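S.K.: 3D, please:
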Amino acid sequence: MTDIPNLDAEHFRPIDPERLFPAERATHAPRILLLYGSLRARSFSRLMTEEAARVLTRFQAETRTFDPSGLPLPDDAEADHPKVRELRELVAWSEGMVWCSPERHGAMTGIMKAQIDWIPLSLGAVRPTQGKTLAVMQVNGGSQSFNAVNQLRILGRWMRMITIPNQASTPKAFLEFGDDDRMLPSPYYDRMVDVMEELVKFTLLTRDRSDYLVDRYSERKESGQDLIDRVNRNPSSPPPVPSPDSAGLAGELSD
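M.R.: So this is what the prediction gives:
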């Protein structure tokens, strides 16, 4: 049972408890970026995101919210566009994220997807989202659905994020906010608080070891340039034999 001829011993690493349970821990407030998926003047995904930011602040987190107004469609501008640069800088700053989308035509909105598509899976050999925590939420105009949060979960996995188990889906969102644009007391409000509480816990639990949690045997076998070529599909490089995860990773880059 110990004979594993296909294993590259040079790049195999036993699990290191000291890296999983570091003695030194970061003490700054968890940094959470919030994205929402609508540009309406009274956007319920924005209002719910604002409520979530208030709760996160109460949990001693530092929050920043990205305004998607003015963000160009993916591939319709260069990466140095001011809104694209702003989004990517916020992603780099964050340790965790909240994605909140309306459900439109049974799916997340194009505005939500455009923001995610502008976040590169790779900048050189660095993956900006890898190891960060993620909470997903959606608002509905009608009955409760989970299509948008299910899609957001798939994208979170694709971006190699630690997507927390809990999620929030609010039906008939127009009934859940008062004239002051604040979310009314309800089980849906309580669920949103649950999700933010869980996000902060997971962020505190993982942020000091996120690099180690996503450190992979298959990628240790590659040189830095090989990794860059693979995830960016450099046309001058011969195509490598992909792993199940890396095959998808190479096909979804925005740069």
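S.K.: going forward, measure contacts between C-alpha atoms and count neighbours the same way
M.R.: Fine.
S.K.: Within the sheet, what are the partner strands of the helix or strand that residue 169 is a member of, with directions?
M.R.: Residue 169 is part of strand 168-170 when elements are defined by DSSP states H and E. Its sheet considered, strand 168-170 pairs with strand 133-139 (parallel) by DSSP bridges.
S.K.: pLDDT of the helix or strand just after the partner strand, averaged?
M.R.: Downstream of strand 133-139, the next assigned helix or strand under DSSP H and E is helix 147-158. For helix 147-158, mean pLDDT is 95.
S.K.: Can I get helix 147-158 in PDB? Just the C-alpha atoms.
M.R.: In PDB, the C-alpha atoms belonging to helix 147-158 read as follows (Å, rounded to 0.1, in the frame of the first residue of the first chain):
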ATOM      1  CA  ASN A 147     -31.000  29.600  -8.800                       C
ATOM      2  CA  ALA A 148     -28.800  32.600  -8.400                       C
ATOM      3  CA  VAL A 149     -27.100  31.500  -5.200                       C
ATOM      4  CA  ASN A 150     -26.500  28.100  -6.800                       C
ATOM      5  CA  GLN A 151     -24.800  29.700  -9.700                       C
ATOM      6  CA  LEU A 152     -22.800  32.000  -7.500                       C
ATOM      7  CA  ARG A 153     -21.600  28.900  -5.600                       C
ATOM      8  CA  ILE A 154     -20.400  27.400  -8.800                       C
ATOM      9  CA  LEU A 155     -18.500  30.600  -9.600                       C
ATOM     10  CA  GLY A 156     -17.000  30.700  -6.100                       C
ATOM     11  CA  ARG A 157     -15.600  27.200  -6.500                       C
ATOM     12  CA  TRP A 158     -14.300  28.200  -9.900                       C
END
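S.K.: Alright, I will stop here.
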